[in-house]
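Trainee: Quick one: sequence and predicted model below, then my questions.
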Amino acid sequence: MYQLRSIFIIGLGFAAALSGQETQTQWMSRTPSVARAGQTITFRTCIRGNNVTRVAIEPRLSGQQAAQNLVNEGSCVWRGQFVAPEVGLDDVFRPEIGFLRVYAGTTLIETLNVFSEVFTDELPLLPVVPLGPGVQRTNYVVNIGEPRVFPANGTVLFQPDLAAATNRFYQYLPDQFDQLNIVFARSYPINRHHSPVRQLVSGIGTPIPILNSDSYGSAARLQGVNVFPLVSAFDGGERTQSHEFGHQWVNYVRSGPLAVGRAHWPISTMANGVMGGDEGAFGCSLTLENGVLVSRVNSGPKVFNPLDLYMMGVIPAEQVPDQYIVTDANAVNRLRNSCIGPALTPNQFEVLRIADVVAQLGPRVPSAAQEKKHYRLATIVVSDALLSQEAMSFYSFFARRAEEKVRVWTKGGFAGSYSNPMWVASGGRLSFDTRIVLEPVAEIAGGGVVNGAFTVAEGLAPGGLASIFGTNLGGANASASSLPLPSSLGTTKVFVNGRQAPLFFSSNGQVNFLVPSDITPSPMGFATVRVQSQAGDSNLAYVPIRPNAPAILTWQERRAIVVDAQNQLITADNPARSGRTLVVYLTGIGQTTPATEAGEAAPTNPLAQCAVRPSVRFGATLMTAEFCGLTPGLTGLAQINFRIPPGLPEGDATMQIVWGNPNVVSNAALIRVAR
């Protein structure tokens, strides 16, 4: 959004001024800013106003830390302590503490949410490079430890000095960035916002030219600054990053039904997108059907509307369909509360045609064919003192998530949800480079972690075979030569939930590994995977972890790797026949009895067998497996012994492994059958 004072906060504080009182909190801080679970954190907050008599941190849920009154240190500052809680993956490393509540006597006048930021071994510890006095960087974050950037305590000035921060940045770094994120470790209860500092684009409604980049330290390239006053609300993978970036071009249209200026789209067919109305909270999609506007619930991850993409220079005008804006006040109020209701008739909405926009504003210059599609985005974290290496690595993780090519799990406030980073939200049309210095880095490709059958449908299981695809994952090709498997090959290591995994093979573009046997997923069923190589640490990939995730190994044309009693591969020349015992090889069977350690050779006596025996499905026919377990003497490879059911027609039959209740089903593979 634009620079507007508001009491609506996402992240560290959802601020609610109560009883008609003015919002009191000027800032909040934690020391250390990022902690380990169990570490004591000193919390400070500046509360303006002489009527404040008590400030407290209070739990939101049972089982959270006990309520405590903060100590008044004077000069508006109140101090307390809490212990950093354990963090689950669903928290995205930001577990909640509870509420900060401000009282005047017995009257509650303000409530804000309080979160901790917790570093775990799942996150890579990145090298920190000193740049100058009070300035340091990783390759994803520049930290400026400068208290003079912040306004004086108790003043009505809530906005820190952006230009002071950016000018320090450009003292040490070249003018090579399109936009800057500025994140304040001493958090301020104001909304995030975007400030355009250079604008030469015509045809989108902005006054041009805007030529203020030099006051921010940039000679020519810097277009705008995205401000995140609440440190716990900063996440490059979350919608808000794409939203603030998009405000460089959207919404400045002042024609037709948009003649009344507003920062975000009104309730309309555009409102459910990234730049949509009600601060992104509008959960209805509107579509024109048979001349009426139909509303449906659509609370999933946001994408850019075609009109957004046109304004941003991504698509040409002819690819923007007509948009429909609700003009009936009663309908607007109803849709803000519920997507369920009668369709809207033409007298309740207006049509916005791109031709009318172009006629009033002129064509966009530069056009979509000329506009850039890949942007360099740097993140500055401003703090009172230089941050620790763990804190630098923590914020680097969130800055780098802007580059992700798949949807990611995010946490805005108390609730978690999926979000679309820029690449996904733009339909693969726009991307970010968040590196401070353009040096090679290890990167896991979007969807680049797969099981041993190179499928992802059911994810991974403890002890199962898996592969990672990406770039700069390793050096020269290297393979394990014996069992037990090593935990590194050359400079390459793989971490699953922060634990090193056994490796089979590593190369620049692929790493094959085993999921640790005792790995456990988060409550949402995910684990993190990252690679460390000569190019540093990769991004974190989020992969589903299941107790069982069977994946049949295949060769050409999806044919299952199945052998007969003579250990001969089943092929068109050696088809399977009814009643004969066969062996299919797979991975992802999960825990066995007795338990085994991933990377160790599977035992021969006793055999490591599946805790629950699965079935083999041929169409509607289920055959119970005669044996299920790890293949003796090998690691990660499992086998199921089964028989072909009678009556199957000759030719290729489709087989799957079916497990448990509710059923977990493997990939479908082909087997040649003869009578």
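Mentor: Yep, that arrived. From a predicted model like this one, the values you see are computed outputs, not experimental measurements.

Trainee: Mind listing the residues bridging to residue 627?
Mentor: residue 641 (DSSP bridges).

Trainee: Now do it: how many residues are near it, please.
Mentor: Applying other C-beta atoms under 10 Å, we find 14 residues neighbouring residue 627. (C-beta placed from N, C-alpha, C; glycine too.)

Trainee: Buried ones in the helix or strand containing residue 394, by neighbour count?
Mentor: Per DSSP states H and E: residue 394 is located in helix 389-400. For helix 389-400, the neighbour count (16 or more other C-beta atoms under 10 Å) marks 390-400 as buried.

Trainee: Equivalent analysis for stretch 640-648, please.
Mentor: Across stretch 640-648, burial judged by 16+ other C-beta under 10 Å covers 640, 642-645, 648.

Trainee: Confirm that residue 428 sits in a helix.
Mentor: No. Under DSSP: H, G, I helix; E, B strand; the rest coil, residue 428 sits outside any helix and is assigned coil.

Trainee: distance of it from residue 247?
Mentor: Residue 428 is 21 Å from residue 247, where distance means C-beta to C-beta, to the nearest Å.

Trainee: When these two are compared, which one has more neighbours?
Mentor: Neighbours per residue, other C-beta under 10 Å: of residue 428 and residue 247, the larger number sits with residue 247, 20 against 12.

Trainee: What about the residue lying closest to the more buried one once chain neighbours are set aside? Give its phi and psi, please.
Mentor: Leaving aside its chain neighbours, residue 247 sits nearest to residue 194 (3.7 Å; criterion: C-beta to C-beta, 6 or more residues apart in numbering). Backbone geometry at residue 194, expressed as degrees, to the nearest 10, gives phi -120, psi 140.

Trainee: my read: residue 194 touches residue 241, true?
Mentor: No. The pair residue 194 / residue 241 is not scored as a contact, 10.6 Å apart, by C-beta atoms under 8 Å.

Trainee: what sits opposite the residue most central in space within the chain in the beta ladder?
Mentor: Centroid-nearest residue in the chain, with C-alpha atoms, centre = their mean: residue 408, separated by 2.8 Å. On the basis of DSSP bridges, residue 408 is bridged to residue 419.

Trainee: Tell me if I'm right that residue 563 and residue 583 touch.
Mentor: Yes. In this structure, residue 563 is within contact of residue 583 by C-beta under 8 Å, at 5.2 Å.

Trainee: hmm, back to that, got the buried residues of stretch 640-648 as TSV, with pLDDT columns?
Mentor: Converted to TSV, the buried residues of stretch 640-648 look like this (pLDDT from 0 to 100):
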residue	pLDDT
640	97
642	96
643	93
644	91
645	90
648	89
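
Trainee: Show the contacting residues for residue 183.
Mentor: Going by C-beta atoms under 8 Å, 6 or more residues apart in numbering, residue 183 touches 228, 231, 234, 379-382, 395.

Trainee: Now do the same contact list for residue 101.
Mentor: 55-58, 108, 110-112.

Trainee: Please narrow these to those residing in strands.
Mentor: Under the assignment DSSP state E, those contribute 55-58, 108, 110-112 to strands.

Trainee: neighbour-wise, which of these leads?
Mentor: residue 110 (27 neighbours).

Trainee: and that residue, what pLDDT?
Mentor: On pLDDT, residue 110 comes in at 92.

Trainee: Do I have it right that it meets residue 24?
Mentor: Yes. Taking contacts as C-beta under 8 Å, residue 110 lies within contact range of residue 24: 5.1 Å.

Trainee: any idea what residue 243 is structurally, helix, strand or coil?
Mentor: Residue 243 ends up helix, using three-state DSSP.

Trainee: I'd like the buried residues of stretch 640-648 as a markdown table, with distance to residue 350 appended.
Mentor: A markdown table is the format used below for these (distance: C-beta to C-beta, whole Å):
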| residue | distance to residue 350 |
| --- | --- |
| 640 | 62 |
| 642 | 64 |
| 643 | 68 |
| 644 | 65 |
| 645 | 63 |
| 648 | 62 |
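
Trainee: who's in contact with residue 660?
Mentor: 547-548, 612, 614.

Trainee: Please report the distance of it from residue 557.
Mentor: Residue 660 is 29 Å from residue 557, by C-beta to C-beta.

Trainee: Could you do residue 486 as well?
Mentor: Distance of residue 486 to residue 557, given as C-beta to C-beta: 34 Å.

Trainee: Compare those two (neighbour count), which wins?
Mentor: Comparing residue 486 with residue 557 by neighbour count (other C-beta under 10 Å), the higher total belongs to residue 486, at 16 against 8.

Trainee: tell me the contacts of the nearest residue to residue 477 once chain neighbours are set aside?
Mentor: Nearest non-adjacent residue to residue 477, counting by C-beta to C-beta, 6+ apart: residue 507, 4.7 Å away. Residues near residue 507 by C-beta under 8 Å, 6+ apart: 473-474, 476-478.
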